[in-house]
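Visitor: Need a 3D model of the following:
(chains A and B)
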Amino acid sequence: MFEPNADWTAQARENIGAALTQAQATLGNRVIVQPDVVGEAAQIQADYMALFSAIAGSVINYQFFVGNRLPTKVRDNRAGAFEWTMGPGVSAIPGASDADYALFIYTEDHYGSTGRKVLQILAAVSVGVAVQTGLHKGYAGLVDLRTGNLLWLNADMAMGGEVRTPEGAQRRVAQLLEDFPGRRPVQAAGAR
Amino acid sequence: MNGRLSVTAVSLLLAVAAPAQTENLAVPPYQGVYEPQGVDERGLWMEADETERSARDSGLLIRDQTLNDYVRSVLCRTVGDDRCRNVRIYILRIPSFNATMFPNGMMTVWSGLLLRCRTEAELASVLGHEFAHFERRHTVNRFRRTRTATDILAWSALIGAVTAQPSNTDLLVIGGLFRFNRDQEREADVLGLAYLTRSTYRPQGASEIWVRMMGEVDASALGRAQRSRRYDRAPFFATHPTELERATYLRSLAGPDIAGRADNAEAYAAAMRPWTRIFLEDQVRLNDFGGTEFVLAQSAGNRWTADLLFARGELYRMRGNPRDLVNAADFYRQSITQDDGRPEAFRGLGLALMRARSTEEGKAALRRYLELKPDAPDAPMIRALVDQAF
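Guide: A predicted model of the protein is given here:
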């Protein structure tokens, strides 16, 4: 059962924010944080966040798993095509006028309690049943704000980096931004 | 481990022996603003805050100030201004009979609920019930109870696998969890009725809603050629008491001496009038012929308005059996007799008639539609239909 923890979430949010600021030097771009918005602009933003997570889910399901290609995309993808778009409407995202690209980042972590880990080990040694004790997934995507095309997506359903600590968050951000296009060949601190 | 399991079993037996039916209609003194305590509660509030942010920016949210003010005023009149102050209401365009309460004071009211209520007092009873969940902090209690239950289930599954002993602990624990949920609902029903009794509303509406819901569930099942639910006892996995049980105890709790109080049916109808078309449109699209017929008939009472007749025409035209098309055309005509300014009624009439092989009459109605709404999104398609020779 998932139990939300407000302190961990606040900590992780702060750590990842700091790690991103630190990592931006390696991205070969100037990174600005999206402005906080209200009213209609907030609605547009919420809509595009939802659209992005739907597209990212499709890319992960249908592009990254070769055997799982959508029937309409089988032929194109054989040639290594990466064709996904959010549509030119992305230029309406608040803050888009000041930027060329949008970077979307998503990360979700669940940590198992001690009791759950004891159960996992006992279940594994006694009856050989695997018990899940956590969830560490994340993805990052880059979108061209003029065309809405998805240029790059990196996803991992089992990520490293303990985001509740600053060092772990740096490692997580480094993993998320691995192979970022146009990135300078500098290893971020803590990355392995 | 054994000690823990037997304690659970005992408490389950007690729960069976003493169902939560304390008929005490006193409203407890209000505790004022509350801040979440401990890890569990703060975590749940954080999640609720996140949900609230997305509700605020959601495309489903109805932002109309007049409607929001009205629903809020009903809540305030029900639970009192001091309690009301801690609640933010979000009216969502979802065509189901529901409202939800979050631990941080966020309440969602679904458009399907607004369509089904007939009086202000009925709406008040649902809002009061939801507020009672908030005042009793039901979310965190249910969360803790669920965690205990899933812990027991995980361990007992392991022990069962190791010892290969059959056990009925799981059934007891799962059953107990759902029963706990039903007890919370009962508690919220009783406290909700206490608010109503203290307010100026007629409390009998609380029970009448559930009687109508049974009618709708039956009608919906009949329309889908399915067997309806039984209401005499709650199924094992039911999260709420049955509609019959709720209708019965709410009726017995509602004081007969205050049955003559106002239920503000006219004020309610006036507040909903600008929204009826939209709510009906969503309801018709649910593809629930029996249930929708029931809702329409209940809303109509003895007066079928132009909006209700139009919705009924759409419902029949969408089912589209030859006999339905005849009825649909009839409903559209009656709707037009009352109000001939709605282009979509002519569109529906025309399409129904053309499918029922009354081509010329159908074309005439479609032409009228194009006259009334020349820039309709489907105008080119309808024009092609009109120009086509049959």
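
Visitor: Below-threshold pLDDT in chain A: ranges please.
Guide: Low-confidence segments of chain A (pLDDT under 70): A:76-79, A:126-129, A:131, A:133, A:182-192.

Visitor: Number of residues surrounding residue 47?
Guide: Since no chain was named, I'll use chain A. 16 (other Cβ atoms under 10 Å in any protein chain shown). C-beta here means a position set from N, CA and C on the backbone, and glycine is covered the same way.

Visitor: Actually, chain B is the one I wanted.
Guide: The burial count for B:Glu47: 20, using other Cβ under 10 Å.

Visitor: what's the helix or strand for A:Leu103?
Guide: Using DSSP states H and E, A:Leu103 falls within strand A:101-110.

Visitor: Show me what counts as buried in that strand.
Guide: Of the residues in strand A:101-110, A:101-104, A:107, A:109-110 count as buried by neighbour count, 16 or more other Cβ atoms under 10 Å in any protein chain shown.

Visitor: Return the member of the residues you listed nearest to B:Leu296.
Guide: Nearest to B:Leu296 among the buried residues of strand A:101-110, counting by Cβ to Cβ, is A:Phe104 at 44.4 Å.

Visitor: Can you check the pLDDT for B:Leu309?
Guide: Listed pLDDT for B:Leu309 reads 97.

Visitor: and what of B:Arg42?
Guide: 88.

Visitor: Same check on B:Tyr70?
Guide: 97.

Visitor: and the spatially closest residue to it that is not a sequence neighbour, how many residues sit next to it?
Guide: Excluding the flanking residues, the one nearest B:Tyr70 by Cβ to Cβ, 6 or more residues apart in numbering or on different chains is B:Ala271, at 4.5 Å. For B:Ala271, the neighbour count with other Cβ under 10 Å is 20.

Visitor: which helices and strands sit right next to the helix or strand harbouring B:Ala271?
Guide: Taking DSSP H and E as the criterion, the element that holds B:Ala271 is helix B:265-284. Secondary-structure packing of helix B:265-284 (3 or more Cβ pairs under 8 Å, 6 or more residues apart in numbering or on different chains; DSSP states H and E): helix B:65-79, helix B:111-116, helix B:120-135, helix B:289-300, helix B:306-319.

Visitor: how about the buried residues of strand A:101-110 in CSV, adding distance to chain B?
Guide: Shown next, in CSV, are the buried residues of strand A:101-110 (distance: Cβ to the nearest Cβ, whole Å):
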residue, distance to chain B
A:Tyr101, 23
A:Ala102, 17
A:Leu103, 20
A:Phe104, 16
A:Thr107, 14
A:Asp109, 14
A:His110, 12
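
Visitor: Quick one: residues contacting residue 134.
Guide: The chain I'm using is chain A. A:109-112 (Cβ atoms under 8 Å, 6 or more residues apart in numbering or on different chains).

Visitor: was after chain B, sorry
Guide: B:86-87, B:101-103, B:105, B:107.

Visitor: 6 Å - rerun?
Guide: B:Met101 (Cβ atoms under 6 Å, 6 or more residues apart in numbering or on different chains).

Visitor: Would you mind measuring from it to A:Ala6?
Guide: For B:Phe134, the distance to A:Ala6 equals 19 Å [Cβ to Cβ, to the nearest Å].

Visitor: which residue is nearest the middle of chain A?
Guide: Residue closest to the mean C-alpha point of chain A, counted by Cα atoms, centre = their mean, is A:Tyr139 at 2.1 Å.
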